[in-house]
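S.K.: heads up, no residue letters with this:
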DNA sequence: CGTATGACGTGCA
DNA sequence: GTGCACGCCATAC
């Protein structure tokens, strides 16, 4: 179970509360610094609430998107102290 | 197996 | 400074 997808889940799960990272950073951590494209794709298919995928934002500092709604994602980040 | 898509990123006008 | 278009990887169908 060491697929690209599994790696992303692991990385995102390792993100400490109050800390956010960009899709590019995640891709780099999984060993595919040029696959940030697929990173967002995998997270998109992620329906596991156990994964704080809401802590993964764009490189522009924007929220990006979220399965439950980008608006909710922004709310969660603010609640964690990520302004 | 092959094609198309997507929670993106960067470059250029 | 803002907007548009292209390119990229992996997954899903």
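M.R.: Sure thing, it's come through. Every value quoted in this text rests on a predicted model; they were computed, and no experiment measured them.
S.K.: from residue A:10, how far out is the closest residue to DNA strand C within chain A?
M.R.: Closest residue of chain A to DNA strand C, Cβ to the nearest atom of the strand: residue A:38 (2.6 Å). Any C-beta I mention is one placed from the backbone N, CA and C, and that applies to glycine too. To residue A:10, residue A:38 is 15 Å away according to Cβ to Cβ, to the nearest Å.
S.K.: try residue A:78
M.R.: Taking Cβ to Cβ, one finds residue A:78 at 26 Å from residue A:10.
S.K.: who has more neighbours out of those two?
M.R.: In terms of neighbours (other Cβ atoms under 10 Å), residue A:10 is the more surrounded of residue A:78 and residue A:10; the figures are 14 against 10.
S.K.: elements contacting the helix or strand hosting that one?
M.R.: Assigned by DSSP states H and E, residue A:10 belongs to helix A:4-13. With contacts defined as 3 or more Cβ pairs under 8 Å, 6 or more residues apart in numbering; DSSP states H and E, the packing partners of helix A:4-13 are helix A:23-30, helix A:36-45.
S.K.: now those helices in a markdown table, with mean neighbour count and mean pLDDT?
M.R.: Shown next, in a markdown table, are the helices and strands packed on helix A:4-13 (neighbours: other Cβ atoms under 10 Å; pLDDT from 0 to 100):
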| stretch | mean neighbour count | mean pLDDT |
| --- | --- | --- |
| helix A:23-30 | 20 | 96 |
| helix A:36-45 | 17 | 94 |
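S.K.: tell me the buried residues in stretch A:54-68?
M.R.: Going by neighbour count (16 or more other Cβ atoms under 10 Å), the buried part of stretch A:54-68 is A:54, A:55, A:56, A:57, A:63, A:64, A:66, A:67.
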